[in-house]
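>>> Build me a structure from this.
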Amino acid sequence: MPVPKRRHSSTRRDKRRAHDAISEPAVSYCANCQEPKAPHKICPSCGYYKGREVIKVSES
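Numbering: from 1, shown residues only. This next block holds a predicted model:
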């Protein structure tokens, strides 16, 4: 089984890992109630998507 002949430096290792950071989740705002929501998803607070009511949300 092949084994590396020389050790990779920490700089080379860190360059490879430069794109591995976790980014913050995307947030958009509902056009109906202006609450934050995930893009391309039904608004959990009012139940609207693209200007029309998709689900009924119970008021508790």
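>>> tell me the centre residue of this protein?
Closest to where the C-alpha atoms of the chain average out (CA atoms, centre = their mean) is P25, at 3.2 Å.
>>> Counting neighbours, what do you get for the residue nearest to it when sequence neighbours are not counted?
Take P25 and drop its neighbours on the chain: the residue closest to it by CB to CB, 6 or more residues apart in numbering is A38, 7.1 Å away. Using the backbone N, CA and C atoms, a C-beta is placed for each residue, glycine as well. By the measure other CB atoms under 10 Å, the count of residues near A38 is 12.
>>> Next one: A38 from P44, what distance?
9 Å (CB to CB, to the nearest Å).
>>> returning to what we had before: ok, the residue nearest to the centre of the chain touching P36?
No: contact criterion CB atoms under 8 Å: P25 and P36 do not qualify, at 10.3 Å.
>>> which non-adjacent residue is nearest E53?
Leaving out its chain neighbours, the residue that sits closest to E53 by CB to CB, 6+ apart is G47, at 5.7 Å.
>>> need the contact list for the one you found.
Contact analysis of G47 by CB atoms under 8 Å, 6 or more residues apart in numbering lists 53-57.
>>> if I pick the residue nearest to P25, what's in contact with it?
Residues near A38 by CB under 8 Å, 6+ apart: 25-28.
>>> mind checking which helix or strand the residue nearest to the centre of the chain is in?
Secondary-structure assignment from DSSP states H and E places P25 in no helical or strand segment.
>>> what sits against the nearest residue to K37 once chain neighbours are set aside?
Counting by CB to CB, 6+ apart, K37 lies nearest to C43, which is 4.9 Å off, once chain neighbours are set aside. Residues near C43 by CB under 8 Å, 6+ apart: 30, 32-33, 35, 37, 49.
>>> ok, back up a step: please identify which two of the contacts of G47 are farthest apart in space.
In the contacts of G47, two members sit farther apart than any others by CB to CB. They are V54 and V57, at 9.9 Å.
>>> Phi first, then psi, for T11.
When read as degrees, to the nearest 10, the backbone of T11 gives phi -60, psi -40.
>>> Alright, that wraps it up for me.
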